[in-house]
Structure formats: structure tokens, C-alpha cells
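**Student:** let's see this in three dimensions:
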Amino acid sequence: MKVVAAAGKMGTVNISATGHADRSGSETYNMALSLRRADAVRAALIAGGLSGDAITVAGRGESEPAVPTPDGVKEQANRRVEIILQ
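**Tutor:** Just a heads-up that it's a prediction; the model follows:
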């Protein structure tokens, strides 16, 4: 996994994973979905050998789209998890 390798090379101790969703569901559903996405990435990073204590997760729901769309529009680019190495 590239993130695990990059963290090892950088000596990174803190990683944040922020989940996002498109606007095809309700705001409540999308907030929960974005958090589930971030939690799934956290689990994968832990499985890859990183310490869970060093990984924080957050969900942004549909509030920060990569591609602005009207409500109800499915946009794959907005379904993502952003990972930041610190």
C-alpha cells in the first residue's frame, strides 16, 4: 500500500483520513457514509501495519464536493477519502 510505504519513508506518525460523499442521498445518510469510508481506510492502513493510534478519521458528508453538483446528483469524484500525512 503506497500510503503505508510513504508514511514509513517520511517517518510520519500522524495520518488523517477524511471521508466525503456525493449528493445522491440525504445529508444525514451521506455524513454517516463518509465516516464509514474514512473508517474503512483506517482499517486498511492498520492492516497494512500502521498504528491505529496515529490515524484520525472524520466525515464531511456532501459538504465539501470535489465537483460541485445539484442535490441528488451522483458524482463519483465526490465519493472519496482524502489522506493527509503529517
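
**Student:** R37: neighbour count?
**Tutor:** R37 has 20 neighbouring residues, counting by other CB atoms under 10 Å. In this view, the C-beta of every residue, glycine as well, is placed from N, C-alpha and C.

**Student:** and it, what does it touch?
**Tutor:** Residues in contact with R37 (CB atoms under 8 Å, 6 or more residues apart in numbering) are G19, H20, A21, G59, R79, R80, V81.

**Student:** now I83
**Tutor:** V3, I15, S16, A17, V41.

**Student:** change it to 6 Å
**Tutor:** V3, A17 (CB atoms under 6 Å, 6 or more residues apart in numbering).

**Student:** helix, strand, or coil at it?
**Tutor:** Of the three states, I83 takes strand according to DSSP: H, G, I helix; E, B strand; the rest coil.

**Student:** worst-scoring helix or strand of the chain, pLDDT-wise?
**Tutor:** Ranking every helix and strand in the chain by mean pLDDT, DSSP states H and E puts helix 2-10 at the bottom, with a mean of 82.

**Student:** one step back: any of the contacts of R37 buried? List them.
**Tutor:** Buried by 16 or more other CB atoms under 10 Å: G19, H20, A21, G59, R79, R80, V81, out of the contacts of R37.

**Student:** so which of the contacts of R37 belong to strands?
**Tutor:** G19, G59, V81 (DSSP state E).

**Student:** of the residues you listed, which is the nearest to I46?
**Tutor:** The closest of those to I46 turns out to be V81 (CB to CB; 14.3 Å).

**Student:** just the pLDDT for that closest one.
**Tutor:** Predicted confidence (pLDDT) for V81: 98.
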